[in-house]
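Enquirer: predicted coordinates and the sequence they were generated for:
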Amino acid sequence: MSLVVAGKIAWLALMAGWYTLRYPFERRAKRARVSVDEMKLADRLRMTVSATGLGIVPLIYLVTGEPAFASYQPRPLLFALGVVVAGAALVMFRLTHKALGRMWSVSLQIKQDHSLITTGVYGRLRHPMYTAFWLMAAAQALLLPNWMAGAAGLVGFGFLFFSRVGPEERLMEQVFGDDYRDYKARTKRVVPFFY
């Protein structure tokens with residue numbers, strides 16, 4: 001099996017793992033009562049751009065090999081690193097979903113009787129779900145030997161992250177006040193000890 005095919009299979013496995021981990025939480029979230037919903041047009045746009053980079057562009061590459069001009073010779077070290085990073089992304093997804101439980105939502109929502117989660121992986125990071133998505137985007141870049149399909153996840157998710165994290169933190173401050181400000185002061189956003 002060529003490294004190109006192996007990279008495509010590994011990316012598909014990452015997507016299947018992500019969906020398998022997320023599906024039960026998404027079903028549960030649809031039944032939960034929401035008290036604040038900031039899922040506006042801007043957030044839908046952010047999510048569309050992110051889904052395009054993390055899903056649509058790489059899927060087009062998997063099916064058609066296009067854009068062929070952006071393809072390059074895969075390297076075993078990059079593939080191996082991509083598999084490790086993909087595994088780390090799935091572990092982080094699992095930890096974040098487990099910690100959030102019924103508080104999880106796909107967008108900027110506050111559930112009825114919402115509580116601030118500061119335990120588990122949230123004890124060090126305010127946005128470990130975003131950490132998982134950054135890892136997923138990095139894995140895509142390492143697994144798919146195509147400059148456009150590989151980097152599309154970093155660009156698409158980067159757009160979502162940098163345009164959404166500020167409004168999300170402001171919403172959390174409005175809802176949780178000093179508790180969130182204290183939590184914010186003792187944690188990092190997505191990378192422990194750094195950012």
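Expert: Now that the structure is in, tell me what you want to look at.
Enquirer: now do the SS call for the residue nearest the centre of the chain.
Expert: In the chain, the residue lying closest to the centroid (CA atoms, centre = their mean) is Phe133, at 2.3 Å. Using DSSP: H, G, I helix; E, B strand; the rest coil, the structure places Phe133 in helix.
Enquirer: residue contacts, it?
Expert: Applying CB atoms under 8 Å, 6 or more residues apart in numbering to Phe133 gives the contacts Ser50, Leu54, Ala89, Phe157, Phe161. The C-beta positions use only the backbone N, C-alpha and C, and glycine is treated the same way.
Enquirer: separation between it and Asp182?
Expert: Per CB to CB, to the nearest Å, Phe133 is found 26 Å from Asp182.
Enquirer: please name the bridge partners of Ser71.
Expert: Asn146 (DSSP bridges).
Enquirer: neighbours of it, just the number please.
Expert: Using other CB atoms under 10 Å, Ser71 has 18 neighbouring residues.
Enquirer: could you pull out the strands for the protein?
Expert: Ranges of strands in the chain, per DSSP state E, are 34-37, 109-111.
Enquirer: how close does the nearest residue to Pro67 once chain neighbours are set aside get to Ser71?
Expert: With CB to CB, 6 or more residues apart in numbering as the criterion, Pro67 has its nearest non-adjacent residue at 5.3 Å, and that residue is Met148. From Met148 across to Ser71, the span is 9 Å (CB to CB).
Enquirer: repeat for Gly17
Expert: 25 Å.
Enquirer: swap in Leu12?
Expert: Separation of Leu12 from Ser71 (CB to CB) stands at 18 Å.
Enquirer: go on, His114?
Expert: Counting by CB to CB - His114 and Ser71 are separated by 46 Å.
Enquirer: just Trp18 next, same as before
Expert: 24 Å.
Enquirer: repeat for Val83
Expert: Counting by CB to CB, the separation of Val83 from Ser71 is 20 Å.
Enquirer: how about Asp179?
Expert: Taken as CB to CB, the span from Asp179 to Ser71 is 50 Å.
Enquirer: which parts of the chain are helices?
Expert: 3-31, 41-51, 57-64, 76-100, 128-143, 147-176, 178-186 (DSSP state H).
Enquirer: now those helices in TSV, with distance to Pro192?
Expert: Output for the helices of the chain, formatted as TSV (distance: least, CB to CB, whole Å):
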stretch	distance to Pro192
helix 3-31	21
helix 41-51	23
helix 57-64	28
helix 76-100	12
helix 128-143	9
helix 147-176	16
helix 178-186	12
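Enquirer: and for Tyr122, the neighbour number?
Expert: By the criterion of other CB under 10 Å, Tyr122 has 19 neighbours.
Enquirer: pick out the shakiest of the strands of the chain, pLDDT-wise.
Expert: The weakest mean pLDDT among the strands of the chain belongs to strand 34-37, with a mean of 54.
Enquirer: show the model's pLDDT score for the nearest residue to Leu100 once chain neighbours are set aside.
Expert: In this structure, Leu100 finds its nearest non-sequential neighbour in Ile117, 5.7 Å apart by CB to CB, 6+ apart. What the model reports for Ile117 is a pLDDT of 88.
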